[in-house]
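Chemist: How does the following fold in three dimensions:
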Amino acid sequence: MKRKLLATTFVFLGTILAGCGGGGVYAVRLGPPPPPRYGVVGIAPGPGYVWTDGYWDARGGHWNWVQGRWVRPPRRGSVWVPGEWYQSGHGYRFRRGHWRR
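Modeler: Below you'll find the model as predicted:
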């Protein structure tokens, strides 16, 4: 039961995050983001789940690490495109991860 609830929670959060961050781009005036954190991904909670990597997010003038998570694609055949930081002008821009068909 707990496993089913956990899986449902991940699907729900993943869908919300994928929908809200649908490839959006935003700029920050901080220095470059720190190097990514690496760790054990573990086993998917069920068939069809995709691992979405963690990333550095700029909030309140500081870098905050957002953990990676297992999510299910919103549609059959969707592919996860990871977010990426790139330099632009005098700052850095982040293109959020998103689902692509």
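
Chemist: switch to C-alpha atoms for all contacts and neighbour counts from now on
Modeler: Will do.

Chemist: pLDDT weak spots in the chain?
Modeler: Within the chain, the ranges that satisfy pLDDT under 70 run 1-29.

Chemist: how about the strands in it?
Modeler: Secondary structure of the chain, counting by DSSP state E: strands at 25-28, 50-52, 55-59, 62-66, 69-71, 79-81, 84-88, 91-95, 98-100.

Chemist: What is the last one packed up against?
Modeler: It refers to strand 98-100. Using 3 or more Cα pairs under 8 Å, 6 or more residues apart in numbering; DSSP states H and E, the elements in contact with strand 98-100 are helix 2-20, strand 79-81.

Chemist: do the fourth one as well
Modeler: Helices and strands touching strand 62-66, by 3+ Cα pairs under 8 Å, 6+ apart, are strand 55-59.

Chemist: Please point out which parts of the strand it packs on sit buried.
Modeler: Of the residues in strand 55-59, those scored as buried under the neighbour-count criterion (16 or more other Cα atoms under 10 Å) are 55-58.

Chemist: partner strands of it, parallel or antiparallel?
Modeler: On the basis of DSSP bridges, the sheet neighbours of strand 55-59 come out as strand 62-66 (antiparallel).

Chemist: what does the strand it pairs with contact?
Modeler: Around strand 62-66, the neighbours that count as contacts under Cα atoms under 8 Å, 6 or more residues apart in numbering are 30, 33-34, 54-58.

Chemist: how about a markdown table for the buried residues of strand 55-59, with distance to Phe94 added?
Modeler: Supplementary listing: those in a markdown table, determined by distance: Cα to Cα, whole Å:
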| residue | distance to Phe94 |
| --- | --- |
| Tyr55 | 10 |
| Trp56 | 9 |
| Asp57 | 8 |
| Ala58 | 9 |
